[in-house]
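Trainee: Sequence below, structure please.
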Amino acid sequence: MFSPVYSVTPKLLAQIGLIERARGRVDAARLTPEQTSALQQHADAEMIAASAGLSDDLLTRKEIDNVLLGRPVHAPGTAVTAVLNARAGIEWARERAADPTPLGLDDIREVHAVFTRGLGYDHELGDFRAGPAVILHRFLGSIWGAYKAPPAEVVPDRLEALLRWMGAAGADPHPVVAAGIAHQEIASIRPFTLATGQVARLVSRIALAQHGYGFHGALALGSFYVANRAAYHTALDNGASYLERARSSRDEWLEFYLRGLLNEVDRITAMIAALEVEGFEGGHVATLRRDEAALIAFAESYGSFTKRDAASILSPVPSRLVAKRLQAMVDDGRLVAESAGDRTRYRIPG
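Mentor: Next up is the predicted model:
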């Protein structure tokens, strides 16, 4: 039986409430199939780049984009294969999320095989690890945590217990709580010798989508984890061994997970607002920067804003760069600058 320890705190309820309201706004958006596809492609690229970053892959974002576009890159073959596998894994997850049937062990094995095919571990495709796993987390060259995973012989049972618990998600546990705990639990079980993190993140994403929290397939939580990598591993680590983690509270991880989910939902909401205002079609959304989307969404909601407002929205971006971004958006015709006394206000054209 799987019975994770966590608290239904006022803060947790408030975070869930914000996510629910945002889900309503996103679900109500009237997007064309081309716009939805563009949002998904943008999210997929973000997720693939994040997987590379979290696994210390040396490919740059430009090289990753070139691989996805089928262009040649000067990089190790395994690095290129890992990017292509990540894309295949995301496509697999999108199809699986459309099926409401609860995830099973075969699904976990299958997606692992997708992620690891051609990386030199084909003898282990879809197989759970056969021996012990002691993991050393490294960040910027320093060892800052060690963890002892459960014995290999209990891995299938532990996963099945988790999947049964996830299958009961609804009012209790709430689907976003179940998705977050699934991420941490799979990372703690360490069922595979390779790509466990990718599997954990993707299972969490599938769980969200199956319960109506797919946000048009535009979630890219990995970007948040890369930007907060040390905090990500610290929040996951609630014990030095699996037994210790099983008995410890998941509150710190859930707070971090929901903060990341809210960050992603805010990004998606801003991008959709920009799409609705500017009528972008097709791949154009991929060129819309997150800061631009946030400013356009703010202007759409409040009519206009000042440079000081922009600095607050884009914090902690330096004021000099805020001014440069605003001017670039004015030059591109995405914003109109109007004098208002001793201040300039920015609004959407039209």
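Trainee: can you pull the contacts of residue 243?
Mentor: By C-beta atoms under 8 Å, 6 or more residues apart in numbering, the contact set of residue 243 is residue 150. For glycine as for every other residue, the C-beta is placed from the backbone atoms N, C-alpha and C.
Trainee: and it, that's in a strand?
Mentor: No: looking at residue 243 with DSSP: H, G, I helix; E, B strand; the rest coil, it is helix, so not inside a strand.
Trainee: Report pLDDT for it.
Mentor: If you check residue 243, the pLDDT there is 93.
Trainee: Ok, residue 36 next?
Mentor: Model confidence at residue 36 (pLDDT) stands at 87.
Trainee: same thing with the one 4 residues further on?
Mentor: Residue 40 is assigned a predicted lDDT (pLDDT) of 88.
Trainee: For the closest residue to it other than its chain neighbours, the count of nearby residues, please.
Mentor: Residue nearest to residue 40 in three dimensions, not counting chain neighbours: residue 217, with 4.3 Å by C-beta to C-beta, 6 or more residues apart in numbering. Neighbour count of residue 217, defined by other C-beta atoms under 10 Å: 21.
Trainee: list the contacts for the closest residue to residue 196 other than its chain neighbours?
Mentor: Counting by C-beta to C-beta, 6+ apart, residue 190 is the residue found nearest to residue 196 once chain neighbours are left out, at 5.3 Å. Going by C-beta under 8 Å, 6+ apart, residue 190 touches 129, 133, 135, 149, 150, 196.
Trainee: Distance check, the residue nearest in space to the middle of the chain against residue 9.
Mentor: Nearest to the geometric centre of the chain sits residue 221, at 1.1 Å (C-alpha atoms, centre = their mean). Remark: distance between residue 221 and residue 9 (C-beta to C-beta, to the nearest Å) = 21 Å.
Trainee: from the middle of its chain, how far away would the helix or strand residue 325 falls within be?
Mentor: Under the criterion of DSSP states H and E, residue 325 resides in helix 319-331. In this view, helix 319-331 has its centroid 28 Å away from the chain centroid, taken as C-alpha atoms, centre = their mean, to the nearest Å.
Trainee: relative to helix 319-331, how tilted is the helix or strand that comes right after it?
Mentor: Next along the chain after helix 319-331, taking DSSP H and E as the criterion, comes strand 336-340. Going by axes from the mean of the first three to the mean of the last three C-alpha atoms, to 10 degrees, strand 336-340 is angled at 110 degrees with respect to helix 319-331.
Trainee: all helices for the stretch 1-150 of the chain, in order.
Mentor: For the stretch 1-150 of the chain, the helices defined by DSSP state H, counting those that start in this stretch occupy 10-28, 33-54, 61-68, 77-97, 105-116.
Trainee: Next, format these as TSV and append mean neighbour count.
Mentor: Formatted as TSV, these follow (neighbours: other C-beta atoms under 10 Å):
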stretch	mean neighbour count
helix 10-28	14
helix 33-54	20
helix 61-68	18
helix 77-97	18
helix 105-116	20
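Trainee: Among these, which comes closest to residue 2?
Mentor: Of all the helices of the stretch 1-150 of the chain, helix 105-116 sits nearest to residue 2, with 14.0 Å by C-beta to C-beta.
Trainee: Contacts made by the closest one with the rest, please.
Mentor: With C-beta under 8 Å, 6+ apart as the contact definition, helix 105-116 has outside contacts at 85-86, 88-89, 92-93, 96, 122, 124-128, 156, 159-160, 163, 186, 191-192, 194-195, 198-199, 202-203.
Trainee: Could you tell me which of these count as buried?
Mentor: Buried subset of these (neighbour count, 16 or more other C-beta atoms under 10 Å): 85-86, 89, 92-93, 96, 124-126, 128, 159, 163, 186, 191-192, 194-195, 198-199, 202-203.
Trainee: Which pLDDT value belongs to residue 16?
Mentor: Each residue has a pLDDT score; the one for residue 16 is 89.
Trainee: Now do the same contact list for it.
Mentor: 174, 176, 177, 258.
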